[in-house]
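test case, fold it:
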Amino acid sequence: MKVTIPQLRELKRDGRPIVMITAYDHPSGRIVDAAGVDLVLVGDSAGNVVLGHGSTVPATMDEMTMLTAAVSRAVKRALVIGDLPFMSYQVSDAEAVANAGRLIKEGGADVVKLEGAGPSLDRVRALVASGIGVMGHIGLTPQTATALGGHKAQGRQAEAAQRLYRDAVALERAGCFALVLEAVPAPVAAAITRRLAIPTIGIGSGPDTDGQVLVLHDMLGIGDEGPHPVFVKRYAEVGRVMADAVAAYAADVRSHGYPATEHTYSIPADELEAFESAIGGGSIDDNTLADW
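Below you'll find the model as predicted:
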């Protein structure tokens, strides 16, 4: 049974934590769905996590649509959220609706996510009026991180915290069904969560949000070995396992340990004899090969 927006409201009301995770391809979508998560975000973090860019900004609509479709084909239970990339919704309501429609129709997403409040409030209203569910995202918004002074916590001063609080309420009123709070001080995130009727999903925003989200590659230890945000918890070192496996394969090939007999296909003895007779007896010669 597919997770629904009303069910998310029930989870909030009952105090049961909501589990959200990113995924960017079909195998990952299948694995996280089988693990029983509630929400799968095909985030524009794919721009740096899987496409190798320095930020989320270069991710395109074509790329996000392709990745969302791959994940959607794998996920049977969780609600799939397609992330609207930078400049896919900022220009106008019409562009926002058209691009969100692509993530739904071509990408198979159930709903979409966009960043910010302010001008984004009109976009939320337009999307909701078009029948598209919208998840909001405030706090550290990676698409506009430069304007925010870099990738750092937001709302650490009283005025900034009040602004986040007002933005959260405005996004709920505009029609968002849920809200991501990224890198928001825990007490501020808790106050926002208490105020809203819609669920909040925290990332680096403390334990009192209605749910949590992590990037799959971060929690599994895949990717860059550099420093990670303080909120990232490593649940496995899959990257190390992968590297060890590839190194073992390379050593096996170089030592002639792979492929072994059990990794090869056979040919019946009489067929092999006929083949060897043909190539050894000259019935397959250069003239015959030239005809091919």
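
how about the contacts made by Val238?
Neighbour list for Val238: Leu220, Gly221, Ile222 [criterion: C-beta atoms under 8 Å, 6 or more residues apart in numbering]. Yep, even glycine has a C-beta here, placed from its N, CA and C like the rest.

for the nearest residue to it once chain neighbours are set aside, give me the pLDDT.
With C-beta to C-beta, 6 or more residues apart in numbering as the criterion, Val238 has its nearest non-adjacent residue at 4.2 Å, and that residue is Leu220. Among the per-residue scores, Leu220 shows a pLDDT of 96.

gap between Leu220 and Leu214?
The gap separating Leu220 from Leu214 is 9 Å, by C-beta to C-beta, to the nearest Å.

can you list the contacts of Val238 in JSON lines and add secondary structure?
Formatted as JSON lines, the contacts of Val238 follow (DSSP: H, G, I helix; E, B strand; the rest coil):
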{"residue": "Leu220", "secondary structure": "helix"}
{"residue": "Gly221", "secondary structure": "coil"}
{"residue": "Ile222", "secondary structure": "coil"}
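
what is the neighbour count of Pro227?
7 (other C-beta atoms under 10 Å).

and it, what element?
Using DSSP states H and E, no element contains Pro227; it sits outside every helix and strand.

could you pull out the strands for the stretch 1-150 of the chain?
Listed in chain order, the strands found in the stretch 1-150 of the chain under DSSP state E, counting those that start in this stretch are 18-22, 39-42, 79-83, 111-113, 134-139.

so the residue nearest to Val238 sits against Tyr235, correct?
Yes: using C-beta atoms under 8 Å, Leu220 makes contact with Tyr235 at a distance of 6.7 Å.

regarding stretch 260-270, how distant is the last residue from the first?
End-to-end span of stretch 260-270 (C-alpha to C-alpha, to the nearest Å): 23 Å.

so how far is it off the chain centroid?
42 Å (C-alpha atoms, centre = their mean, to the nearest Å).

same deal with stretch 219-239?
With C-alpha atoms, centre = their mean, you get 15 Å for stretch 219-239.

what are the buried residues along it?
For stretch 219-239, the buried set under the neighbour-count rule, 16 or more other C-beta atoms under 10 Å, comprises Met219, Leu220, Gly221, Ile222, Gly223, Phe231, Val238, Gly239.

again, but for stretch 59-75
Quick answer for stretch 59-75 (16+ other C-beta under 10 Å): 59, 61, 63-65, 67-72, 74-75.

now do it, average pLDDT.
Here the average pLDDT along stretch 59-75 is 98.

could you do stretch 242-251 as well?
97.

output that stretch as CSV, nothing but the C-alphas.
Listed next in CSV are the C-alpha coordinates belonging to stretch 242-251 (Å, rounded to 0.1, in the frame of the first residue of the first chain):
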residue,chain,number,x,y,z
MET,A,242,33.3,-1.6,-2.7
ALA,A,243,36.9,-0.5,-3.0
ASP,A,244,38.1,-3.7,-1.4
ALA,A,245,36.0,-5.8,-3.7
VAL,A,246,37.2,-4.0,-6.9
ALA,A,247,40.8,-4.4,-5.7
ALA,A,248,40.3,-8.1,-5.1
TYR,A,249,38.8,-8.5,-8.5
ALA,A,250,41.8,-6.7,-10.1
ALA,A,251,44.2,-8.9,-8.3
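
output the strands of the stretch 1-150 of the chain as TSV; include the columns distance to Val97, mean neighbour count and mean pLDDT.
Shown next, in TSV, are the strands of the stretch 1-150 of the chain (distance: least, C-beta to C-beta, whole Å; neighbours: other C-beta atoms under 10 Å; pLDDT from 0 to 100):
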stretch	distance to Val97	mean neighbour count	mean pLDDT
strand 18-22	24	23	98
strand 39-42	19	30	98
strand 79-83	14	28	98
strand 111-113	10	25	98
strand 134-139	11	27	97
